[in-house]
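> sharing a sequence plus its predicted fold:
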Amino acid sequence: MTVKLGIFGANGRMGRVLVEAISQDEDTQLTAAIVRPNSSVKGIDVGELAGIGKNAVITSSKESVDPNAIDVMIDFTLPETLESNLAWCVENKKAVVIGTTGLNQVQKKAIDAAAQHIPVLFSANMSVGVNLLFNLARQTARVMGHSADIEIWEAHHRFKKDAPSGTAMALGEVIADELNRDLDECAVYGREGDTGERSQETIGFATIRAGDVVGEHTVWFADIGERIELTHKASSRLTFAFGAVRAAKWLAGKNKGKYDMLDALGLK
């Protein structure tokens, strides 16, 4: 069965890559490409926007799109548009995959509320490899986390607005959860000056923003005499787009509720 997909923010950096990823997947069909009502690209063939040639799907606002032509929506837009997009999905009973990062607590609660009515898959990172990294980080924390110093560093392109990245924060949450710690209390974001000796209970974060780095994440579990380094490097945004398409195919037909990539990959 072909899964019919729609994209919120089809003209964005990730939106255009999603168009390309869907075009390469035999089990899916792009049937809706949504942009802002006042967008300068409204009414343009989305394939031309993505640089892959004509696609026959014309960009439109969500108010004018036909919801009956969609099985699952994919949202990689900005935090400030999330609640409006969720409301549309709930109103039209459409499943949604969310890859937007930098969300605040209100926006996260909006996801939880939407999941009471429709299937929602939310992940800070749609990469298959990154989600394996989450699993490995949890396992390593279980074995070494009570004695090792834990540091997380990440690097992204100069255009990324939130820091640390949603993926870095998700890694911290996975590790803190395994160690029964509250990340809000134990996280340390950068260091400067005379900070004193490091507390083993903390989880450190460091951020790099430079050039066109797609995304790199490394977790250190450093004990006296040895350390484990877990690293994932993405070289193309297609990595995240292919993961989102895979998630959308898995989500199609699911019951209402909140899911993540670990569910989609069978890693729970």
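Right, received. Where do you want to start? Model, not experiment: these values are computed from the prediction.
> quick one, helices of the stretch 101-250 of the chain?
Secondary structure of the stretch 101-250 of the chain by DSSP state H, counting those that start in this stretch: the helices cover 105-114, 128-144, 166-178, 183-186, 238-251.
> for the second one, what is the average pLDDT?
Helix 128-144 shows a mean pLDDT of 96 in the predicted model.
> how about residues contacting that helix?
By CB atoms under 8 Å, 6 or more residues apart in numbering, the surrounding residues in contact with helix 128-144 are 123, 125, 150, 167, 170-171, 174-175, 177-179, 217, 219, 221, 223, 228, 230, 232, 234, 239, 242-243, 246, 261-262, 265, 267. The C-beta positions use only the backbone N, C-alpha and C, and glycine is treated the same way.
> tell me the domain ranges of the chain?
With domains defined by automatic domain parsing, the chain comprises 3-122+237-264, 128-234.
> the helices of the stretch 101-250 of the chain: which one's closest to His156?
helix 166-178 (9.3 Å; CB to CB).
> by how many degrees do that closest one and helix 128-144 diverge?
Relative orientation of helix 166-178 with respect to helix 128-144: 30 degrees, computed using axes from the mean of the first three to the mean of the last three CA atoms, to 10 degrees.
> got the angle for helix 166-178 vs helix 238-251?
Going by the same axes, to 10 degrees, helix 166-178 makes 60 degrees with helix 238-251.
> next, the buried residues of helix 166-178.
Gly166, Thr167, Ala168, Met169, Ala170, Leu171, Gly172, Glu173, Val174, Ile175, Ala176, Glu178 (16 or more other CB atoms under 10 Å).
> looking at those residues, which is nearest Ser84?
Closest to Ser84, out of all of the buried residues of helix 166-178 and judged by CB to CB, is Gly166, at 19.8 Å.
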